[in-house]
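Engineer: Let's see this in three dimensions:
(one chain, ligands or ions: 1)
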Amino acid sequence: MPSAPSSRVLTVAVAQMGPIARSETRTQAVERLISLMEESHGLGAKFVVFPELALTTFFPRWVIDDEEELDSYFETSMPNNETQPLFERARELGCGFHLGYAELVRDDAGKKTYFNTAILVDDTGAITGKYRKIHLPGTAKTVAGAPHQHLEKRYFEVGDLGFPVFQSQGGVMGMCICNDRRWPETWRMLGLQGAELVALGYNTPHVNPFATAEPVFLGMFHNHLSMQAGAYQNGTWVVASAKAGVEEGVHHMGGSCIIAPTGEIVALCHTEGDEVAVAQCDLSMGDYIKQNIFNFEAHRRIEHYGLITSQTGMKRPDGV
Ligand code: ING
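Structural biologist: Here you go, the predicted structure:
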């Protein structure tokens, strides 16, 4: 891989988590996150990416009718008593991080809104960015006969922050969450804003409950394919952290990784538990891709792309 003239190397860790049991407390989850951060720091990392919904079990696999029980999976402030130790450890170590969690927002009238959220925190422990998941997979209603449910459309609103990028730790960072990584629109929205590193977490079952006939190996292939394409076609680093292993009876894939702007996987977790993998990420490495093969200004033809934002579903033209 060609080295960029103005290299801005950030040592990055992807911190994969094994299962979080339904009974596990926030304090126990935070203790695991702090331990992963300390291990990452010991390996030289200055930025650590944790998974989606990293504070609780992946509760959208269940039908939860009781509002109080549902609310118990959400954070009403960030940081809060249970997560403050992670922010303090980040400041002590000079280690920024990405964290996914379920966010409950109350407006002045007390109306509650629920999001699947992720934040960027810099090496001083300050929150530098927030993203709320836009592509919510699965269903809003239970699916009879499915091996487990996937009810994110029932529990979360579509994110209302767009696909923002943020200046953090010397680079332009963006975020997405889980299913977002499968949609090229996610990556291009971040690429059009010059993202140099995209952090994301995922909770992905080995077997798609709605396509159980699909061979299991394709799950990991599609996982990496989506992110490697996103990285290369937008000249950005991608750091993707799984919540892995058999969590409350559902087997989630691992495959947490760090992908270079060339699309190459340069660090990869190989277990389905708490595991750290580290890479030296030159945030300028994507420059030659942005300036040549994917020089958007020179090569994109938006006058021909109208369908992408004017049409939601697939529709064959008349007579085709
Ligand atoms: N998870 C999945 C993802 O897109 C999913 C959605 C569920 C895909 C089941 C395949 C099978 O990776 C989340 N949380 O978006």
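Engineer: what helices or strands is the helix or strand encompassing E92 leaning on?
Structural biologist: If you go by DSSP states H and E, E92 is part of helix 84-93. Secondary-structure packing of helix 84-93 (3 or more CB pairs under 8 Å, 6 or more residues apart in numbering; DSSP states H and E): helix 26-42, strand 96-106. (Glycine included, C-beta is placed from N, CA and C.)
Engineer: just the ones you listed: most buried one?
Structural biologist: Counting by mean count of other CB atoms under 10 Å, strand 96-106 has the highest mean neighbour count of these, with a mean of 23.
Engineer: Could you dump the helices and strands packed on helix 84-93 into CSV with mean pLDDT added?
Structural biologist: Shown next, in CSV, are those (pLDDT from 0 to 100):
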stretch, mean pLDDT
helix 26-42, 98
strand 96-106, 98
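Engineer: Determine which of the ones you listed approaches the ligand most closely.
Structural biologist: The ligand lies closest to strand 96-106 among the helices and strands packed on helix 84-93, at 9.8 Å (CB to the nearest ligand atom).
Engineer: Quick check: residues of the chain near the ligand?
Structural biologist: Within the chain, the residues that sit near the ligand (CB under 6 Å from any ligand atom) are P137, H150, C178, N179, R182, Y202, N203, T204, P205, N208, P209.
Engineer: pLDDT weak spots in the stretch 1-150 of the chain?
Structural biologist: 1-6 (pLDDT under 70).
Engineer: Residue of it nearest the ligand, please.
Structural biologist: Residue of the stretch 1-150 of the chain nearest the ligand, by CB to the nearest ligand atom: P137 (3.8 Å).
Engineer: can you count the residues close to that residue?
Structural biologist: Burial of P137 is recorded as 16 neighbouring residues (other CB atoms under 10 Å).
Engineer: who touches it in this structure?
Structural biologist: Neighbour list for P137: H150, E152, K153, C178, N179 [criterion: CB atoms under 8 Å, 6 or more residues apart in numbering].
Engineer: Scan these and report the most crowded one.
Structural biologist: Most crowded among those, counting by other CB under 10 Å, is C178 at 26 neighbours.
Engineer: Touching, that one and N223? I think so.
Structural biologist: No. Assessed by CB atoms under 8 Å, C178 is found out of contact with N223, at 10.0 Å.
Engineer: list residues touching both of these two?
Structural biologist: Y202, T204.
Engineer: which residues touch A21?
Structural biologist: T57, E247, E248.
Engineer: Show me what the helix holding E92 is in contact with.
Structural biologist: Contact partners of helix 84-93, identified using CB under 8 Å, 6+ apart, comprise 30, 33-34, 37-38, 41, 79, 95-97, 99, 121, 123-125.
Engineer: tell me the SS of the residue nearest the centre of the chain?
Structural biologist: Taking CA atoms, centre = their mean as the criterion, L200 is the residue nearest the geometric centre of the chain, at 2.0 Å. Three-state call for L200 (DSSP: H, G, I helix; E, B strand; the rest coil): strand.
Engineer: Assumed V266 was part of a strand.
Structural biologist: Yes. The assignment for V266 is a strand, going by three-state DSSP.
Engineer: That one reaches A279, doesn't it?
Structural biologist: Yes. Between V266 and A279 there is a contact under CB under 8 Å: 4.8 Å.
Engineer: between the two, what contacts are shared?
Structural biologist: In contact with both V266 and A279: I258, A260, using CB under 8 Å, 6+ apart.
Engineer: The two: which is more packed in?
Structural biologist: A279 (22 against 17).
Engineer: Now do the same contact list for that one.
Structural biologist: By CB under 8 Å, 6+ apart, the residues touching A279 are T11, V12, I258, A260, V266, A267.
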